[in-house]
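S.K.: generate coordinates for the sequence data below:
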Amino acid sequence: MKIDIIGGGISGLSLAYMLLAKANNHTINLYESDEKVGGKIWTERSEGFVTEAGVNGFLDNRPATLTLSKELNLQPIRSNDNARKRFICLDGKLKEIPEKPLSFMFSDFLSISGRINMVLEYFRPPNVKEDESMESFAVRRVGREFFEKLLDPMASGVYAGDPAKLSIRSCFAKVYELEKNYGGLIKGFLNIAKEKKKLGQKTEAGPGGTLHSFDRGMYSLIEVLRQILGERVFTNKKAVSVEKKSVSYIVNFDDGSMSESDVLILAVPAHNASILLKDLDKGLSDYLNQIQYPPLTVVSLGFKNRDFSGIDLNAFGFLVPARESRKILGTLFDTSIFPNRAPEGYTLLRTMVGGARFKEFALLEEDKLREVVLSELRDLISLRADPHYVRIFRWQKAIPQYNVGHHLLLENIDRLLTQHKGLFLTGNAYRGVAVNDCIANSEKLASQIIRDF
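M.R.: The predicted structure follows:
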């Protein structure tokens, strides 16, 4: 059997690796349009700095990436303990988020009325909807202040999205299910804590898990997969269309060549899959085109340690709520999160700009973008020096947006896919944007393909 995979991001690479491991008697080829594989995972190593252009790491609360790393003989590194300290920009100043629920309740992070509103969530009756926006859900359950100060910047940090459009059901399914299964968030959390206590497990208020990466950055994972797959990977090979021929599929490339396969997997962004499938199935193509990708720019700046005074950078970083009307989404203190991210005596900061609500800032010219970020950092962390190291990474179409109704969109996509035996879609556009999600989905899909073909 011949299997073609279009797209060399973490989804395509991990799928090819797993298919090879499960059935090495099949012919497996992977085609990537760029000169390098990895997609949104790219680590630049220069001048002693290790800079992530996109994905920063993965959590250990799910086993997918840790398991794959072990198979590849890669040793992940754990984020520093000080990375547990996180800030939110409130009223023009950085305010630390209390780590423990009790500390949070007795802090002044929220006003008294905001904290009362949180407590009253326990008594609010459930009003489960098929789907609703993250903003609607949060305001309804825990109040607008909690939403604006915490959940709004979280939406920016994870999805670079607009919480008035993002689906609570698709983006944060576990939170959605607390109301659905237990009647409320606090009731659900208490019930789960009780169940876990019986099993001797620890309960965490947040998403849980510790952030991990690799000593030389996230691209280490890509490099090893690329090496194992060897000549099965073809770069600078841009697919332009897909045709169906009896029970096989033909992929046409921009250089005039083609490839025929029994099984075809499109591991590309949804908008690219939409273009490839427009002649094969217009309905499927139209549904895929509805998944939006806002632009996002990452601005990495390296400073000498002495350039900072009066501020503790031993933290994960900070996020900025929309209510602050600033031009950045947040900044990560990379040298405080993982070791060896900058030369001795230097600090590396990585700032996100743009996203669904602030697209125009992501598209600024590089000089203007640099000044915008520096202006914000000078105001928020009392920075007075110019950077010694600057790298700007632009993603014209960054993170897929799971907007309200995303689950219905997936149902329609899945329904139409059943009409094309041997054709599959995978990637972060569908069921999880994180590296863990992509790798876990690759494992499921590899097993399905080997079972059914």
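S.K.: surely residue 66 meets residue 212?
M.R.: Yes - the criterion here is Cβ atoms under 8 Å, and residue 66 meets it with residue 212 at 7.4 Å. For every residue, glycine as well, the C-beta is placed using N, CA and C.
S.K.: what is in contact with these two at once?
M.R.: For the pair residue 66 and residue 212, residues contacting each of them under the criterion Cβ atoms under 8 Å, 6 or more residues apart in numbering are 60, 76.
S.K.: where do the helices of the stretch 151-300 of the chain begin and end?
M.R.: Remark: helices assigned in the stretch 151-300 of the chain by DSSP state H, counting those that start in this stretch are 152-159, 168-171, 173-182, 185-198, 219-229, 270-276, 282-289.
S.K.: and the ones you listed: which comes nearest residue 107?
M.R.: Judged by Cβ to Cβ, the one of the helices of the stretch 151-300 of the chain that comes nearest to residue 107 is helix 152-159, at 16.8 Å.
S.K.: need the CA coordinates for the closest one. CSV is fine.
M.R.: The C-alpha trace of helix 152-159 is given here as CSV (Å, rounded to 0.1, in the frame of the first residue of the first chain):
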residue,chain,number,x,y,z
ASP,A,152,-9.7,37.1,28.2
PRO,A,153,-5.9,37.2,28.3
MET,A,154,-5.9,33.4,28.4
ALA,A,155,-7.7,33.4,25.1
SER,A,156,-5.0,35.6,23.7
GLY,A,157,-2.2,33.5,25.2
VAL,A,158,-3.5,30.2,23.8
TYR,A,159,-5.3,31.1,20.6
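S.K.: so which elements touch that helix?
M.R.: Taking 3 or more Cβ pairs under 8 Å, 6 or more residues apart in numbering; DSSP states H and E as contact, the helices and strands that helix 152-159 lies on are helix 168-171, strand 317-319, strand 330-333.
S.K.: switch the ones you listed over to CSV; also include distance to residue 229.
M.R.: Converted to CSV, the helices and strands packed on helix 152-159 look like this (distance: least, Cβ to Cβ, whole Å):
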stretch, distance to residue 229
helix 168-171, 31
strand 317-319, 34
strand 330-333, 31
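S.K.: sorry, back to before: out of the helices of the stretch 151-300 of the chain, which is closest to residue 9?
M.R.: Ranking those by their distance to residue 9 (criterion: Cβ to Cβ) puts helix 219-229 first, at 8.6 Å.
S.K.: show me what counts as buried in the closest one.
M.R.: The neighbour-count check on helix 219-229 (16 or more other Cβ atoms under 10 Å) flags 219-226, 228-229 as buried.
S.K.: by mean pLDDT, show me the worst of the helices of the stretch 151-300 of the chain.
M.R.: Here the lowest mean pLDDT among the helices of the stretch 151-300 of the chain goes to helix 185-198, at a mean of 88.
S.K.: convert the C-alpha atoms of that one to PDB, please.
M.R.: Taking C-alpha atoms only, helix 185-198 is exported to PDB below (Å, rounded to 0.1, in the frame of the first residue of the first chain):
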ATOM      1  CA  LEU A 185     -17.700  24.900  37.700                       C
ATOM      2  CA  ILE A 186     -17.100  24.800  41.500                       C
ATOM      3  CA  LYS A 187     -19.400  21.800  42.000                       C
ATOM      4  CA  GLY A 188     -17.600  20.000  39.200                       C
ATOM      5  CA  PHE A 189     -14.200  20.900  40.500                       C
ATOM      6  CA  LEU A 190     -15.100  19.700  44.000                       C
ATOM      7  CA  ASN A 191     -16.500  16.400  42.700                       C
ATOM      8  CA  ILE A 192     -13.400  15.700  40.600                       C
ATOM      9  CA  ALA A 193     -11.200  16.600  43.600                       C
ATOM     10  CA  LYS A 194     -13.100  14.100  45.700                       C
ATOM     11  CA  GLU A 195     -12.800  11.400  43.000                       C
ATOM     12  CA  LYS A 196      -9.100  12.000  42.500                       C
ATOM     13  CA  LYS A 197      -8.400  12.000  46.300                       C
ATOM     14  CA  LYS A 198      -9.900   8.500  46.400                       C
END
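S.K.: can you give the contact residues for stretch 415-425?
M.R.: Outside of stretch 415-425, the residues within contact range by Cβ under 8 Å, 6+ apart are 244, 247-249, 262-267, 270, 273, 280-281, 283-284, 287-288, 413, 445, 449, 453.
S.K.: got the contact list for the closest residue to residue 171 other than its chain neighbours?
M.R.: The shortest distance from residue 171 to any non-neighbouring residue, by Cβ to Cβ, 6 or more residues apart in numbering, is to residue 402 (5.0 Å). Residues in contact with residue 402 (Cβ under 8 Å, 6+ apart) are 159, 166-167, 170-171, 433.
S.K.: need the three-state assignment for the closest residue to residue 127 other than its chain neighbours.
M.R.: With Cβ to Cβ, 6+ apart as the criterion, residue 127 has its nearest non-adjacent residue at 6.9 Å, and that residue is residue 140. Going by DSSP: H, G, I helix; E, B strand; the rest coil, the secondary structure assigned to residue 140 is helix.
S.K.: hmm, residue 140 is touching residue 129, no?
M.R.: No - the criterion here is Cβ under 8 Å, and residue 140 misses it with residue 129 at 9.2 Å.
S.K.: ok, now which ones touch residue 183?
M.R.: Under the criterion of Cβ under 8 Å, 6+ apart, the neighbours of residue 183 are 125-126.
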